[in-house]
Each structure stands twice: as C-alpha cells, then as structure tokens.
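Undergrad: Predicted structure and sequence below. I'll ask about it afterward.
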Amino acid sequence: MEAKIKELIAQVIKDLYDREPEIILDRPEELYGDYTTNIALQLSKDLSRSPKEIADALVLKLKGSGLYSDVSAAGPGFINIKLNSKALIKLAETPPEETFSGKLVVVEYSDPNPFKILHAGHLYTSVIGDAIANLLAKAGGEVHRVNFGGDIGLHVAKTMWAILKDFGGENSSKLNDIKEEDRSEWLGRCYVTGNEAYETDEKTKEEVKDLNKRIYDISLKKENSSPFGKIYWTTRQWSYEYFESFYSRIGIKFEKYYPESEVADLGLQTVREHVPEVYEESQGAVIFNGEKYGLFPNVFINSYGIPTYSAKDVGLIIQKWQDYHYDLSVIITANEQADYMRVVLASVKQFAPELVEKTDHLTHGVVKLAGGQKMSSRKGNILKAVDILDLADKSSKDKGLKTDPKITIGAVKYAFVKQRIGADIIYDPDESVSLDGNSGPYLQYAYARAMSILRKVEGASFNLSEVEDLTDYERSLVRKIGEYKDALNEATKELRPHHIANYLYDLAQNFNRFYENSRVIGDDRQDLRLALVKLYTSILADGLKLLGIEPIETM
C-alpha cells in the first residue's frame, strides 16, 4: 500500500512539476489520518514556491485517485492522507515484506561458560537473542542460532583446581559422589573457591596457570583416559547437560555450540599467520597494538603459547564463516565486552575486512532487580537465571494468580524484551506477572479473551474485502492492525524487539476500546466484527511468538 501511495504522489509530482524526488511517508497520530508526507516542503526550495501552495496543488490531484477517503493540506505544507475502508483493510491483510529473503544469518547469543552457573545476564541474552533470530526468520532470512562458550581457559583451570582439592587429588571415582541434581551448583561453588584462592595466593595462581596449559593440551588431544582427563570431560559434559535442560525449560534451542576448545587452535594459527603485519611479538607473547587504531593493546597469545579469549574469538569468527558463509553475523554480549570486541574486530579487519563488515555486535547492560545491584560470579553472589524464574513464580503465587510455566516464562521474557537493548535491565517480579499494564500475562490474557469471543460462534465467516464502510472503532482497530508491518520492519532493521512489544501492547489496548464500544455477538455487523477479532488474534499470536511467548487460548 505504501508503495502504491508513493507511486501516485510521484506521478502527480511528475505531471505537475516534472520532478522525481524521494517520497517519505510517516504514520501520524490517528486524528490526522493514516499517512503524512512533507514532500511539499522538500519541493519548495527547488520550485521557488511556498510549501502551502505546492501542498494544495498536490491535494487537489490526489483526491481523485480513489484510494483515499480524505486528503488534506496541514500546517506549513504537510499532506495528510486518510485511506478509504477498502484500502485500509487491504493494508491490514497484506503480509509483511521479507527484507532478509535469500540471506543467511548467524545469530550468536547466550554464550555461557561451562563450569559456571547460568546467571541472569545469560537468561536475558537468551531471550533477546532468540527474539532477534525470530525477527530475522520472519523477514525471510535463513537463520542459524549458535552458542559460544569457554570450555578451556583460566576459569576452567580455577574450577579444576578446586575440584582436585575437594577430591583429594586426581581421584575420578569421586565424581560418583556428586548427585545429578547438585552438579551445576557444585561446579559453581568450585569455581568461586578456585577464583578466591587464585586471587589471594601466589602459589595457587601458579598452580592454576599450570593446570590451564594442561587442560588446553588434553582438549586438543581429546585425552579422556587419565583420571584428570575423566574429571575434565565428565564435568564439562555436566555443564552442557545443565545448559540444555535450562534452555528447554525456557523454550529455546540452539543449532550449534562452539566450545572454545574447538576454535582455539584455528585462532592460534590465524594470529600467528599474521605476525608481524597485524599482530606483533612482545615479551614472549603475541599482541595486537590497538593504540594504532584508537583502541587498547591486547594479548592474543600469552607467554605460555596459549591463545587468550581474543585469539579464540578470532578463531570463532573464521570458523563461523567457514561453516555458514553468512550475509550477516549478529553477536550479542554485555556492554562490558564492547571495547574488547572492538579490538578483536579491528585486528580481523586488517586481513579479513569483509567478515567485519558482515558483523553486527549488539551489547546490553546488567540485569538488576528493581532497587538491586550488580553482582559477580567471581564472588558467588550472582543473580542466577533460575532465580529470575523463581521470583516470577513467587510473585504469581503471592498475587493468587495461576502459576502456569507458560505464563511465568512469558512474563519474564516480555519484561526483558519490552526494554530497549543497550541500557541496564531492571526486572520487577510483581510488575512482570501483573494482569494489568504492560506485561506478558496481560497480552496472553488479551489473546485468551479474544479467542473466547470466537468460540461462541462456530463456523462464522466473512470476507473483509467486501466491506464498503467501517465504524470509527472498527476503523481504528483495522488501522492499528495495518501498522504491524511497520513495527516488524523497524524491529528487524534495528534488531530491536522492543518495537514489537510496544506495538502489541498498543494493539491490545486498541482492541479493548473496540470491544467496549462495539457489540460483536448478536449485532447486525456480527460476521464483520468476528472477522476483525480473528484478524486481531492472528496478529497478536504472531507477535507473541516472535518474542518467544506462547499465546494461551484459556486463562
């Protein structure tokens, strides 16, 4: 419809003034019409005429097109356009553009480290990353969801150090003493113990560094027969089982995990291949001198010859390209990784600029409880991912609400996605589960309420294209439904799911006004209004699914 409107305006301008400017349409407040354009203001200088004079001339010509119920000039030269009922309904029923059709996209998100607990930040990136992946798939993209995590590195060495202390040495039989339901928490406690010892005792620090090299070696060789190898590979597997269990609980699935051990050697080789033209040797290590590019210098291979996080990220970038040959690679991390990733990408840009150009790195703030504080996994006082879900559950029970996992998880997901990605995320458990206001349960209830209307009349059908005229409340609902495509395009272009959340909340409120003022069952316009309710539920359900929230037919 937008294209048709632009085409008509362009033709009128061509006929009147022999000009071919770019025409931009905006969505004004409903009071002023369905579309507005400032094209008269753009043409004014070129034509040496007042914007008002140009707007009046364009309005006169546009009124005869048959698409509009009203076209008017406003202000200093704006043109407001109100579509007729048929055009408005056609707009509402037109499917969205597939702006990523034919493109392959890799979305990397969540990225927890084995041997550590999933914290609230992992839950947030899991939810927001999945919503972004859904948006790109909705836009026609071939989307691959991947997950990167550190199964080697200092944090693993710290955990292994504490495990060996707990077991009294390399006694792999002690693994049998750890109950299945306690494994993730036990590993988390071992990490905290190992980290505290590493930071306070020089002897421990050296022992951990030696373990780090040993772990790197057995990961490369896939050595799992020694007691030490059995402990490492078994506890590593426990971590991945824990991740899978949690992702299943929140309805998220990854196509592929990239453990650091599987990309470390590629990163090591790639960095060494580009010494000295990109990376340089310094005191036995290999660094990238980011200061040449307005960034900070960073170590990519340490003095032990082991690749650091930076080199592993280089390996990941190359490996993802080899696996997918993507058109776009989306990476989602915390804000604290922003400068670090700039250094990594700046180094890769020197020898593979096309991969950096295809990369979009999104960052987010810290998840905090309302009135809460940032917490640290190093000290063990983290806000765990499961804590967020438990808090939502508790708030539901405290309010006497139904404690359905679909509703609880929907509440948490919506509380996250409705906030613009970038700043800190404030989570309020009571607000998230409320049936009043801008919440996931409110939208799930709005869907269930509309579905209950449809269940009252079986087999009703109506062709909306036959409608000649709409009442004010019908028109307002159809207009809002027609804006779904705009919200989708904006959310996909910016990779910002909050645009969908905002739209769905506005849509549900609009439907409430329609339903309060327009009798559906038993009215002369029953079939038409049932068709509008059906169209509304299809849009609401589609939007909720994009956000990873399950529409519920009865609540």
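TA: Now that the structure is in, tell me what you want to look at. Residues are numbered from 1 along each chain as shown.
Undergrad: Could you pull out the buried residues of stretch 519-530?
TA: Judged by neighbour count (16 or more other CB atoms under 10 Å), stretch 519-530 contains these buried residues: Val520, Arg525, Leu528, Arg529, Leu530. Bear in mind the C-beta positions are built from the backbone N, C-alpha and C, glycine included.
Undergrad: again but with stretch 206-225, I slipped
TA: In stretch 206-225, counting by 16+ other CB under 10 Å, buried: Glu207, Val208, Lys209, Leu211, Asn212, Arg214, Ile215, Tyr216, Ile218, Ser219.
Undergrad: Just want to check the distance between the third one and Gly66.
TA: What it means is Lys209. From Lys209 across to Gly66, the span is 77 Å (CB to CB, to the nearest Å).
Undergrad: Likewise for the fourth one?
TA: Leu211 sits 77 Å away from Gly66 when distances are taken as CB to CB.
Undergrad: before we move on, what about the second one?
TA: Going from Val208 to Gly66 by CB to CB gives 77 Å.
Undergrad: cool, and the fifth one?
TA: Using CB to CB, Asn212 is found at 74 Å from Gly66.
Undergrad: Glu553 now?
TA: For Glu553, the distance to Gly66 equals 40 Å [CB to CB].
Undergrad: which one of these two has more residues nearby?
TA: Between Glu553 and Gly66, Glu553 has the larger neighbour count (other CB atoms under 10 Å), namely 14 against 9.
Undergrad: Regarding the more buried one, which helix or strand does it belong to?
TA: Glu553 is part of no helix or strand when elements are defined by DSSP states H and E.
Undergrad: for it, what are its contacts?
TA: Glu553 makes contact with Tyr447, Ala448, Met451, according to CB atoms under 8 Å, 6 or more residues apart in numbering.
Undergrad: Is the closest residue to Leu328 other than its chain neighbours in a helix, a strand, or coil?
TA: What sits nearest to Leu328 in space, not counting adjacent residues and going by CB to CB, 6 or more residues apart in numbering, is Val105, at 4.7 Å. Three-state call for Val105 (DSSP: H, G, I helix; E, B strand; the rest coil): strand.
Undergrad: how close does Val105 sit to Ile500?
TA: Applying CB to CB to Val105 and Ile500 gives a distance of 18 Å.
Undergrad: Give me the buried positions along stretch 286-299.
TA: Quick answer for stretch 286-299 (16+ other CB under 10 Å): Val286, Ile287, Phe288, Asn289, Gly290, Leu295, Asn298, Val299.
Undergrad: thinking again about what came up before, the more surrounded of Val105 and Ile500?
TA: Ranked by neighbour count (other CB under 10 Å), Val105 and Ile500 place Ile500 first, with 26 against 23.
Undergrad: Just the C-alphas of the helix or strand encompassing Glu196, formatted as PDB.
TA: Under the criterion DSSP H and E, the helix or strand holding Glu196 is helix 183-200. The C-alpha coordinates for helix 183-200 follow below in PDB (Å, rounded to 0.1, in the frame of the first residue of the first chain):
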ATOM      1  CA  ARG A 183      26.100 -30.900  39.800                       C
ATOM      2  CA  SER A 184      25.700 -27.400  38.400                       C
ATOM      3  CA  GLU A 185      25.600 -25.800  41.900                       C
ATOM      4  CA  TRP A 186      28.600 -27.800  42.900                       C
ATOM      5  CA  LEU A 187      30.600 -26.700  39.900                       C
ATOM      6  CA  GLY A 188      29.600 -23.100  40.600                       C
ATOM      7  CA  ARG A 189      30.900 -23.400  44.100                       C
ATOM      8  CA  CYS A 190      34.200 -24.900  42.900                       C
ATOM      9  CA  TYR A 191      34.700 -22.000  40.600                       C
ATOM     10  CA  VAL A 192      34.200 -19.500  43.400                       C
ATOM     11  CA  THR A 193      36.600 -21.400  45.600                       C
ATOM     12  CA  GLY A 194      39.200 -21.600  42.900                       C
ATOM     13  CA  ASN A 195      38.900 -18.000  42.000                       C
ATOM     14  CA  GLU A 196      39.200 -16.800  45.600                       C
ATOM     15  CA  ALA A 197      42.400 -18.900  46.100                       C
ATOM     16  CA  TYR A 198      43.800 -17.700  42.700                       C
ATOM     17  CA  GLU A 199      43.300 -14.000  43.700                       C
ATOM     18  CA  THR A 200      44.800 -14.300  47.200                       C
END
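Undergrad: What are the structural domain limits within this protein?
TA: Split into domains by automatic domain parsing, the chain comes to 2-83, 421-546.
Undergrad: from the middle of its chain, how far away would stretch 68-79 be?
TA: Counting by CA atoms, centre = their mean, to the nearest Å, stretch 68-79 is centred 38 Å from the centre of its parent chain.
Undergrad: Not counting its own residues, what contacts that stretch?
TA: So stretch 68-79 is contacted by 32-33, 36-41, 44, 50-52, 54-56, 58-59, 62-63, 80-85, 87 (CB under 8 Å, 6+ apart).
Undergrad: Can you tell me which of the residues you listed end up in strands?
TA: Among the contacts of stretch 68-79, the members falling in strands (DSSP state E) are Thr36, Thr37, Asn80, Ile81, Lys82, Leu83.
Undergrad: want to throw those into TSV with pLDDT?
TA: Listed next are the ones in strands among the contacts of stretch 68-79 as TSV, based on pLDDT from 0 to 100:
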residue	pLDDT
Thr36	97
Thr37	97
Asn80	96
Ile81	96
Lys82	95
Leu83	94
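Undergrad: Now tabulate those residues in TSV and tack on distance to Ser172 and neighbour count.
TA: Below are the ones in strands among the contacts of stretch 68-79 laid out as TSV (distance: CB to CB, whole Å; neighbours: other CB atoms under 10 Å):
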residue	distance to Ser172	neighbour count
Thr36	71	20
Thr37	72	22
Asn80	75	21
Ile81	74	25
Lys82	75	19
Leu83	72	24
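Undergrad: Save the residues you listed as CSV, and put in distance to Val71 too.
TA: Shown next, in CSV, are those (distance: CB to CB, whole Å):
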residue, distance to Val71
Thr36, 11
Thr37, 11
Asn80, 7
Ile81, 5
Lys82, 7
Leu83, 10
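Undergrad: Pick out whichever of the residues you listed sits closest to Lys320.
TA: Nearest to Lys320 among the ones in strands among the contacts of stretch 68-79 is Thr37, at 42.2 Å by CB to CB.
Undergrad: so who does the closest one touch?
TA: Going by CB under 8 Å, 6+ apart, Thr37 touches Ile9, Ile23, Ile24, Leu25, Asp26, Phe78, Ile79, Ile81.
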